Structure formats: structure tokens, C-alpha cells
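Chemist: fold the following and give me the result.
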Amino acid sequence: MDKEALIAIAIFMITYGFIISEKIHRTIIAMAGALTLIFFGVMNQAAALRYIDFNTLGLLIGMMIIVSITAQTGLFKFVSIQAAKSVNGHPLALLIVFSLIAAFGSAFLDNVTTVLLVVPVTFSVSRQLDISPVPFLMSEIFMANIGGTATMIGDPPNIMIGSSVRSLSFTDFITNLTPVILIISVATLLLLSFYYRKSLRGSAEMRNRLADLDPRDEITNPVLLVKSLTVLLLTVSGFFFHQALGVETATVALAGAFLLLLLTGDHYLDRALSDVEWSTIWFFAGLFVLVGGLVETGVITRLAAAALELTGGRPVPTTFLILWMSALASSFVDNIPFVATMIPLIKDMGEMGMNNLEPLWWSLSLGACLGGNGLLIGASANLVVAGLAGKEGYPITFIRFMKIGLPVMLLSIVIATIYVYLRYLL
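Modeler: Numbers count the residues shown, from 1 in each chain. So this is what the prediction gives:
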């Protein structure tokens, strides 16, 4: 292993250690680590910029602007009160309802977009019931990542696999992944309900107060609401058809954001931009560069190739190795570069004589998507929600996330392992 690879590993590990310790803000640490890679010559500035996924950043910024303006209409308060009244203000029932909304939305939208739409509603209803929003937020994160695994467009790893493997259609993803995702969803909700059972106890007084509220009173600007919902509908439609239109999701989100600003006037601009979670955006940029250092120096490729050599190409151990390696790796690093590395390696295995690659593709998808629930930095949705929660005064720390995230991830992967074995390998 050459000097640049060793430096990249050392900087990544040191940076990761500081992120876990939470002694310094994770955005500062991530950017400091990324810049250190450049100063040590692991990559130059141009190479570092190439590893920043501007599509992800543009998507986040665009949706944050749309959500900021939409929130000023009172829509999120209306939805929160209506949802709470529908289940008589019972917090556990609300957790399940919001979690299912997050899962379903993520199956057809990007999971980051879904949480950006659901989280403001969560804050609003938790204030109405005078309870902590953290159990709701954590459940929404997990279920968004799980739900996004069910379709080809729900999570970036699936989009990458579907684009690279022409034999796999949109329907194939649904028929092969949705059954196990339904099972995992039920198991996860049961685990979360048990884990948070003591935190989800709203008082009778709060429920009675909620019963007296009229959700329609919360709509403060009907004209702005019509404009916001129209743009939101156009934006969501754009996500469905962005490939046919030949544009990326970031272009759709930013187009929606600035169309809404055009319709509402420049007096909404300053507040919308101030509501963007810039610390989260910069953290993503630093993290992309840090992982890019491992890719640039060939560290990820060496690790993946060495792991695959251990199985000797045998179907069962190779499939399980890809599933578990993808899950564990995606808990620690962004799953996009990992999946980008694994796709050509799996194709090479087919060229070397391995006939049935289908279990490997589904294992890669399940591992990479579900593994993001393990740790706070494992998936984009995790970091976005953590940033929003911190801004509202409810910090989700690395350790706090890990205490429930790892059990959720391990439960999901165990179920996925059984499913893959019974369906494809038995």
C-alpha cells in the first residue's frame, strides 16, 4: 500500500474519531479532514471537487427552500393537528403513522426529500402534545431508509444498480425487494415501539386540549399555500420523470425552489436561504471528499477485492459476504462510492464463470440501503434530520443514534439474509 493510501486512511480514521467523540462540531471536523487530504497531496483541489456529489447537495438545498416557504402557510401545523386528532393524540399511534408515511414516501421519492417534508410536521405535533420529537424523528429516519430500498428510485444505490444492470427493470426491484421490505418494516416498528414505549406517553390534558383545536385555523396564508402546493406537486412529478427529461434530481429541486421564489416575491428569499441547513451541506461536502480520498488511492477497491477473494466465488458465501460487507461498510462510509466500486467487481465475477448474479445484486442493494441505519453518518437522511433536530434544540448525537440504529440495522440484515437464502440460494 503506497504512502498516499496510508495518509488517506489515517486522516479518515482520525476525522471519524473526532466525529464520534463530538468534542468539536462534525462540520468543522469533516471540512478540516477534507482540506488536510489536499494539503498532504493525497488529491488536488480539482480531484476533491469531483468527489463532491453536487446532485445530493442541490437536492437538499432546493427542497429546504421549498419546505421553508411552505411552512409559512401553516400547512404543517394543519397536517400535524389533523393527524394527531385522527388517533386521539396517542403518541405511539402517531409514531407508527408518521413512520409509515416516511416509508411509503421514500419508496417513490428520494428519502432525503421525504424526511424534509415529514420532519416539520413532526416538530409541530410534538409541540402540540408537549413531548420530545426525538422518538418520532428516529423512527422516520429508519423507516425512510427502509422504505427507499423497496423500489429502483427510492435510494441512490438502487438507482446505480438499475442503471448499470440493464436486465433489471423497475418491476424487478419491486417484486424482489418489496416483500422483504414489508417484513422488515413490521419488525422494525415493533422494535421501535418497544424501545420508545416509555417516552411515548402524552398526558390526558394535552389530548383534551388537542381535541378542541380546529386544524383549519392554522392555515394563515391560503394564496401562498396554493402556490406552494402547486410547485411541490410539479417538483415531485419532476422526480418521477427526471430521467425521461434528461435532468438530475438536483435540477428539479432547484427549479422548483426558484420557481416558488419567483411566484412569491423576493421578500421570501432571505428567510428561505437562512432556513437552509448550511452546516449539514458543508458536512456532506467534507464527507464526500474524505471518502473520495479512499477511492482515489484505491483503498476501497483493495478491500472489496480482498473480501471477495475469500469466498472463492461460491454462491452462498459470496452472496452473504456482499450483503453483510455492504451493510457494515455503508454504516461507516457513504454507500454511493462503495456501490460504485462493487458493481464492476460483481460484473467481473460473472465474466469469470459465476452464472447467477441476481442474488448478488439484491444483496448489494439490501446491504447498502439498510446498512445506512447503523450509524449517524451512514445515510444522507440521517444527517439531514440530525441537523434539523439540533436547530430545534433536540440534538441527536452519534452515540444516541448508534444505540438504537445498530439494533435496527442488524435486525434488518438478519431478516434480509434469511430472505435471500430462502428465495435465491436454497
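Chemist: surely residue 71 touches residue 123?
Modeler: No - contact between residue 71 and residue 123 fails when scored by Cβ atoms under 8 Å: they sit 9.6 Å apart. C-beta coordinates here come from the backbone N, C-alpha and C atoms, glycine included.
Chemist: which ones are touching residue 411?
Modeler: Contact analysis of residue 411 by Cβ atoms under 8 Å, 6 or more residues apart in numbering lists 184, 187, 188, 191.
Chemist: over to residue 31?
Modeler: By Cβ under 8 Å, 6+ apart, the residues touching residue 31 are 282, 283, 285, 286.
Chemist: low-confidence regions, this structure specifically.
Modeler: Counting by pLDDT under 70, the chain contains low-confidence residues at 202-212, 334, 337, 351-354.
Chemist: pick out the residue nearest the middle of it.
Modeler: Residue closest to the average C-alpha location in the chain (Cα atoms, centre = their mean): residue 381, at 3.0 Å.
Chemist: report the secondary structure element holding it.
Modeler: Counting by DSSP states H and E, the element that carries residue 381 is helix 380-391.
Chemist: give the other helices and strands that that helix contacts.
Modeler: helix 54-71, helix 111-129, helix 134-147, helix 278-296, helix 398-420 (3 or more Cβ pairs under 8 Å, 6 or more residues apart in numbering; DSSP states H and E).
Chemist: give me whichever of those helices is most buried.
Modeler: helix 134-147 (a mean of 29; mean count of other Cβ atoms under 10 Å).
Chemist: following it, which helix or strand comes up?
Modeler: Downstream of helix 134-147 (by DSSP H and E), the next one is helix 156-164.
Chemist: what about residue 63, distance to residue 42?
Modeler: According to Cβ to Cβ, to the nearest Å, residue 63 and residue 42 sit 32 Å apart.
Chemist: hmm, back to that, so can I have JSON lines of the contacts of residue 31 showing distance to residue 175?
Modeler: Formatted as JSON lines, the contacts of residue 31 follow (distance: Cβ to Cβ, whole Å):
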{"residue": "282", "distance to residue 175": "40"}
{"residue": "283", "distance to residue 175": "37"}
{"residue": "285", "distance to residue 175": "37"}
{"residue": "286", "distance to residue 175": "39"}
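Chemist: so which of the residues you listed comes closest to residue 81?
Modeler: Residue 81 lies nearest to residue 283 out of the contacts of residue 31, by Cβ to Cβ, at 33.1 Å.
Chemist: right, and the closest one touches residue 33 too?
Modeler: No - the pair residue 283 / residue 33 is not scored as a contact, 10.9 Å apart, by Cβ under 8 Å.
Chemist: touching stretch 153-169 from outside, list them.
Modeler: Under Cβ under 8 Å, 6+ apart, the answer for stretch 153-169 is 56, 106-111, 145, 147-149, 151-152, 170, 173, 177, 239-240, 335-336, 339-340, 343, 347, 361, 364-365, 368-369.
Chemist: please apply the same query to stretch 32-45.
Modeler: Against stretch 32-45 from outside (Cβ under 8 Å, 6+ apart): 4, 7-8, 11-12, 14-15, 48, 51, 285-287, 289-290, 292-293, 296-297.
Chemist: cool, stretch 228-238 as well?
Modeler: Outside stretch 228-238, the residues that reach it (Cβ under 8 Å, 6+ apart) are 62-63, 66, 69-70, 73, 75, 109, 245, 247, 252-253, 255-256, 259-260, 263.
Chemist: quick check: PyMOL command selecting the buried ones in the residues you listed.
Modeler: Buried members of the contacts of stretch 228-238 can be picked out in PyMOL with the line below, counting by 16 or more other Cβ atoms under 10 Å:
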select buried, resi 62+63+66+69+70+73+75+109+252+253+255+256+259+260
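Chemist: restricted to helices, list the contacts of stretch 228-238.
Modeler: 62-63, 66, 69-70, 75, 245, 252-253, 255-256, 259-260, 263 (DSSP state H).
Chemist: and the residues you listed, which two are the farthest apart?
Modeler: Top of the distance list for those (Cβ to Cβ): 75 and 245, 27.1 Å.
Chemist: pull the longest helix from the protein.
Modeler: Longest helix in the chain, counting by DSSP H: helix 170-195.
Chemist: list the buried residues of it.
Modeler: For helix 170-195, by 16+ other Cβ under 10 Å, it's 172-173, 176-177, 180-181, 184-185, 187-189, 191-193, 195.
Chemist: quick one: which of those is nearest residue 416?
Modeler: Using Cβ to Cβ, the buried residues of helix 170-195 come closest to residue 416 at residue 180, 5.9 Å.
Chemist: hang on, the earlier thing: quick one, which of the contacts of stretch 153-169 are buried?
Modeler: Buried among the contacts of stretch 153-169 by 16+ other Cβ under 10 Å: 56, 106-111, 145, 147-149, 151-152, 173, 177, 239, 335-336, 339, 343, 361, 364-365, 368-369.
Chemist: for residue 151, give me its contacts.
Modeler: Contacts of residue 151 (Cβ under 8 Å, 6+ apart): 107, 108, 158, 170, 173, 174, 177, 178.
Chemist: got the contact list for residue 101?
Modeler: residue 118.
Chemist: quickly find the element holding it.
Modeler: Under the criterion DSSP H and E, the helix or strand holding residue 101 is helix 91-108.
Chemist: just the CA atoms of that helix, as CSV, please.
Modeler: The C-alpha coordinates for helix 91-108 follow below in CSV (Å, rounded to 0.1, in the frame of the first residue of the first chain):
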residue,chain,number,x,y,z
PRO,A,91,-48.1,9.2,20.7
LEU,A,92,-47.4,5.6,19.9
ALA,A,93,-50.1,5.5,17.2
LEU,A,94,-48.7,8.8,15.8
LEU,A,95,-45.2,7.3,15.7
ILE,A,96,-46.5,4.4,13.6
VAL,A,97,-48.5,6.7,11.3
PHE,A,98,-45.6,9.1,10.6
SER,A,99,-43.2,6.2,10.2
LEU,A,100,-45.4,4.6,7.6
ILE,A,101,-45.7,7.9,5.8
ALA,A,102,-41.9,8.2,5.7
ALA,A,103,-41.5,4.6,4.4
PHE,A,104,-44.2,5.0,1.7
GLY,A,105,-42.9,8.4,0.6
SER,A,106,-39.3,7.2,0.4
ALA,A,107,-40.3,4.3,-1.9
PHE,A,108,-41.3,6.8,-4.6
